[in-house]
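Asker: Got a sequence here, can you model it:
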Amino acid sequence: MSERTCRLVTLGCKVNQYETQLVKEALLRDGYREAGAAEPAELCIVNTCTVTGEADSKARQVIRQLARHNPGTKTVVFGCYATREPAALEQLPGVFAVVSDNRELPDVLQRFGVTGLPEGISRFDGHRRAFVKVQDGCILNCTYCIIPTVRPGLRSRTPDAIADEVRRLVDNGYREIVLTGIHLGHFGVETTRGRSGREPFRLWHLIRRLNAIRGDWRLRLSSLEAAEVGPDFIAAAADCERLCPHFHLCLQSGSDAVLARMKRRYRIGRFLEKLASIRKRFDNPAFSTDVIVGFPGETDDDFAQTLAACEAAGFMKIHHFSYSARRGTPAATFADQISAETKKARCAMILELERRLSRRYYTELAGTALTVLVEARPAAQAGHVTGTSCRYAPVEFPGTGGDVGQLIDVTAQEPQDSYISAIRGSVACERT
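Answerer: Residues are numbered from 1 along each chain as shown. As a prediction, the model looks like this:
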């Protein structure tokens with residue numbers, strides 16, 4: 001039987017990237033191959049995001065482009081935007097099916113000769129680190145977020161399935177595994193609510209179990225909520241020598257008034273206490289965060305408090321987003337929507353603060369032992385390689401192409417504009 005051609009496009013988060021890889025491995029297993037750059041594909045798969053209006057627009061644009069460059073193709077659309085507005089997507093050219101519930105995706109793919117999805121992935125194409133989805137769904141009610149509507153409820157994978165997948169990826173040469181989910185900190189919450197019939201098994205139990213998997217690899221966590229960083233989690237994290245000393249805790253705003261309108265589950269004082277608790281167990285850990293700029297009613301003073309909170313937290317990286325009203329969320333109806341000009345100006349201020357804080361953190365790391373996952377990005381200097389350190393800081397140091405994909409021990413030297421220069425050294429990440 002001749003091979004059939006396919007093309008896959010992913011928009012959005014780490015979970016979406018993982019889910020596309022799962023679909024890709026199913027297609028390749030059942031006789032498909034990816035179409036070349038100038039070759040039309042018989043089947044196109046688009047995994048969509050709907051976290052912002054811009055994400056919706058990008059999805060529509062991608063689908064139209066696929067129809068134009070792949071004449072006669074059948075496009076299957078799934079993901080969060082497909083769940084939210086399937087009727088709108090069904091009208092676009094080339095669309096064969098819109099999957100409004102991801103659980104129905106295997107049934108749709110069966111029409112194309114795909115015999116179900118695999119239990120997990122074996123590789124993560126295009127990446128040096130592999131994302132592993134451990135849970136799905138969100139049950140929070142943040143007033144700005146549409147995600148609990150398109151990914152409702154909580155569904156955690158079994159520890160056995162996760163461990164098998166991590167072991168397979170490590171055996172296949174991946175040196176960094178990133179645990180991810182729609183709400184990672186709620187992994188296993190179902191088991192603590194007495195509904196599953198299983199013994200409670202939460203995120204801190206999972207990282208302890210994964211830590212025992214043999215091989216030359218390390219573990220990283222994606223976004224966490226500060227409310228879920230308690231003593232059990234911190235103790236387990238400190239005990240797991242494979243876990244990177246980098247924590248991404250979502251702040252969103254440094255103003256208690258804005259946090260209340262967002263219906264976030266903490267106030268800034270408590271958030272900073274969580275960071276202090278982690279710092280007591282780790283040697284100079286890295287912290288990154290998300291900030292929403294221009295939430296309805298955000299005053300100049302509210303924004304100043306956000307800048308002050310970021311400074312106090314000592315974030316080394318700040319992912320900032322202009323607030324985007326999502327129809328169906330409470331915040332979309334709030335008064336005092338912020339102008340685009342104000343959002344743009346505030347984003348520029350956040351970016352400048354991030355540059356200053358990252359350089360300050362890079363300076364603090366001088367002389368520190370770091371372990372770097374070498375990536376394929378070009379280096380600024382000839383004879384050097386680049387990569388991401390255990391503390392998430394980008395690093396450049398002398399090396400060759402043979403280092404790509406490997407974990408290399410280095411010692412941090414001088415901070416540069418966007419990375420740390422380092423020298424090779426037989427050391428490992430220091431921990432307490």
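Asker: For stretch 376-390, what is the distance to the chain centroid?
Answerer: The chain centroid and the centroid of stretch 376-390 are separated by 22 Å under Cα atoms, centre = their mean, to the nearest Å.
Asker: Then stretch 152-161?
Answerer: On Cα atoms, centre = their mean, the centre of stretch 152-161 falls 17 Å from that of its chain.
Asker: which parts of it are buried?
Answerer: 154, 156-157, 159 (16 or more other Cβ atoms under 10 Å). (C-beta placed from N, C-alpha, C; glycine too.)
Asker: residues making contact with it?
Answerer: Residues outside stretch 152-161 that contact it (Cβ atoms under 8 Å, 6 or more residues apart in numbering) are 119-120, 133-139, 183, 186-191, 201, 205-206, 209.
Asker: Go again with 10 Å.
Answerer: 83, 103, 119-120, 132-139, 162, 164-165, 181-183, 186-191, 193, 195-196, 198, 201-203, 205-206, 209-210 (Cβ atoms under 10 Å, 6 or more residues apart in numbering).
Asker: from the residues you listed, which ones fall inside strands?
Answerer: Judged by DSSP state E, strands contain the following of the contacts of stretch 152-161: 132-136, 181.
Asker: out of those, who has the most neighbours?
Answerer: Counting neighbours by other Cβ atoms under 10 Å, G181 leads those with 29 neighbours.
Asker: bridging residues for that residue?
Answerer: Applying DSSP bridges to G181 yields these beta-bridge partners: Q135.
Asker: That one: what's it in contact with?
Answerer: Counting by Cβ under 10 Å, 6+ apart, G181 has contacts 13-15, 18, 131-138, 151, 154-157, 187, 203, 221-223.
Asker: circling back to that earlier point, mark which of the buried residues of stretch 152-161 are part of strands, please.
Answerer: Counting by DSSP E, the buried residues of stretch 152-161 contribute S156 to strands.
Asker: so can I have a markdown table of the buried residues of stretch 152-161 showing distance to T342 and pLDDT?
Answerer: What follows is these, written out as a markdown table (distance: Cβ to Cβ, whole Å; pLDDT from 0 to 100):
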| residue | distance to T342 | pLDDT |
| --- | --- | --- |
| L154 | 36 | 94 |
| S156 | 40 | 96 |
| R157 | 42 | 96 |
| P159 | 47 | 96 |
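Asker: Go through the buried residues of stretch 152-161 and name the one nearest T329.
Answerer: In terms of Cβ to Cβ, no member of the buried residues of stretch 152-161 lies closer to T329 than L154, at 19.7 Å.
Asker: How much space separates that closest one from E176?
Answerer: Distance of L154 to E176, given as Cβ to Cβ, to the nearest Å: 26 Å.
Asker: swap in F271?
Answerer: Look at F271 and E176: by Cβ to Cβ, they are 27 Å apart.
Asker: Kindly report the same for K133.
Answerer: K133 is 16 Å from E176, where distance means Cβ to Cβ.
Asker: cool, V293 as well?
Answerer: 30 Å.
Asker: out of the ones in strands among the contacts of stretch 152-161, what pair is the most spread apart?
Answerer: V132 and D136 (12.7 Å).
Asker: Does R281 touch L243 like I think?
Answerer: No. R281 is not in contact with L243 according to Cβ atoms under 10 Å; the separation is 11.2 Å.
Asker: Please give me every residue in contact with the closest residue to L11 other than its chain neighbours.
Answerer: Spatially, and ignoring its direct neighbours in sequence, L11 is nearest to C49 (4.5 Å; Cβ to Cβ, 6 or more residues apart in numbering). Contact partners of C49, counting by Cβ under 10 Å, 6+ apart, are 10-13, 15-16, 55-56, 58-59, 79-81, 147, 150.
Asker: in the stretch 301-432 of the chain, which spans are helices?
Answerer: Counting by DSSP state H, counting those that start in this stretch, the stretch 301-432 of the chain has these helices, from start to end: 340-364.
Asker: Give me the below-cutoff pLDDT ranges for it.
Answerer: Within the stretch 301-432 of the chain, the stretches with pLDDT under 70 are 426-432.
Asker: swap in the stretch 1-150 of the chain?
Answerer: For the stretch 1-150 of the chain, the ranges with pLDDT under 70 are 1-2.
Asker: where do the helices sit along it?
Answerer: 14-29, 53-69, 80-84, 86-90, 105-110, 147-150.
Asker: and stretch 111-126, C-alpha only, in CSV?
Answerer: Below are the C-alpha coordinates for stretch 111-126, written out as CSV (Å, rounded to 0.1, in the frame of the first residue of the first chain):
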residue,chain,number,x,y,z
ARG,A,111,-12.0,7.5,8.9
PHE,A,112,-8.5,8.0,7.5
GLY,A,113,-7.3,4.5,8.4
VAL,A,114,-5.7,5.5,11.8
THR,A,115,-6.2,2.7,14.3
GLY,A,116,-6.3,4.7,17.5
LEU,A,117,-3.8,6.9,19.3
PRO,A,118,-0.8,5.4,21.1
GLU,A,119,-0.6,5.3,24.9
GLY,A,120,2.2,7.8,24.8
ILE,A,121,4.9,9.4,22.7
SER,A,122,8.3,7.9,21.8
ARG,A,123,9.9,11.1,20.6
PHE,A,124,9.3,14.8,20.4
ASP,A,125,10.1,16.0,16.9
GLY,A,126,11.8,19.3,16.5
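Asker: excluding its backbone neighbours, what's nearest L43?
Answerer: Nearest non-adjacent residue to L43 (Cβ to Cβ, 6+ apart): C6, at 4.6 Å.
Asker: For the one you found, give me its contacts.
Answerer: 23-24, 27-28, 32-35, 41-45, 73, 76, 112, 114.
Asker: Any of those buried? List them.
Answerer: By 16+ other Cβ under 10 Å, the contacts of C6 give 23-24, 27, 32, 35, 41-45, 73, 76, 112, 114 as buried.
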